[in-house]
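Colleague: The following comprises the amino acid sequence and a computationally predicted model.
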Amino acid sequence: MVAVNPDQNISRKFDEEMENLRNYVLKMGGFVEQQIRRSTDALKTLDDSEAEAVVRNDKSINELEVSIDEECARILLRRQLASSDLRMVVTVIKTITDLERIGDEAKRIAKMAIDISEHGGVFHKRYIGITHLSEHVIRMVHNVLDAFARLDAEAAFDVVRNDEKADAEYQSIMRQMLTYMMEDPRTISESLDIMQAARALERIGDHAMNIGEYVIYLVLGKDIRHVSIKDAERDIVS
């Protein structure tokens, strides 16, 4: 009869806990990504039922955040973590906070869709900029979740770089909306809703960038927050 090493069992159970933790984050991230897609689709089609579903589903994101947060607390209480494992738990705690906030922004976009629809508005071709911005930030969220899944610091840094493009597209939309409102005051209410939706998308890009920074910290142990992109890139290469 082969003796079972208790330490091996403990180690195996811990590895399973950490893998489950990562999977929970990816599950939450996948749901959040779906919420962004559904909310932006609802805005483009002014589909009330789709937008209302996004608003209702936000509760599920909040519940996932609480559940994952509690699991992190249990791991911290039960285990004496090595530095790399501690970075994983810290990264998870920070990441789910940003994912929850992305969910809030998706809900905000859905509410803008409902407001435009209820006031008899139309999603005009001139709002094409918000379509481009939504596609860009959805890619950012998808790519940063993939970077987290693969522990890929370079892919995460690509997401950090791409936030500048999201900011530029957002500023372009703001200028266009101001021009439309000055040219035709009848568009003010609708344009303000579009501006709020664009602001929500820009914030989603910011949260995706934050998660990218957490992944870099997780993989490389380097905190690149509050430094320029150029300095951060030089620090990572060095």
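Modeller: Cool, got the structure.
Colleague: What is the least confident helix or strand in the chain?
Modeller: Every helix and strand of the chain was ranked by mean pLDDT, DSSP states H and E. The lowest is helix 229-237, at a mean of 66.
Colleague: Can you report how many residues lie near the closest residue to Glu17 other than its chain neighbours?
Modeller: Sequence neighbours aside, Ile75 is the residue nearest to Glu17 in space, at 6.1 Å (criterion: Cβ to Cβ, 6 or more residues apart in numbering). Where C-beta positions appear, they are placed from N, C-alpha and C, glycine not excepted. Ile75 is surrounded by 19 other residues when neighbours are defined as other Cβ atoms under 10 Å.
Colleague: cool, and Gly120?
Modeller: With neighbours defined by other Cβ under 10 Å, the count for Gly120 comes to 8.
Colleague: Now do the same for it: helix, strand or coil?
Modeller: Secondary structure, DSSP: H, G, I helix; E, B strand; the rest coil: Gly120 is coil.
Colleague: go on, the one 10 residues further on?
Modeller: Reduced to three states with three-state DSSP, the structure at Ile130 is helix.
Colleague: same thing with Gln80?
Modeller: Classification of Gln80 by three-state DSSP places it in coil.
Colleague: Quickly note the distance from it to Asp15.
Modeller: Taking Cβ to Cβ, to the nearest Å as the criterion, Gln80 is separated from Asp15 by 15 Å.
Colleague: more crowded one of those two?
Modeller: Taking Gln80 and Asp15 together and counting by other Cβ under 10 Å, Asp15 has the greater number of neighbours (11 against 7).
Colleague: That one and Met88, how far apart?
Modeller: As for Asp15, its distance to Met88 is 12 Å (criterion: Cβ to Cβ).
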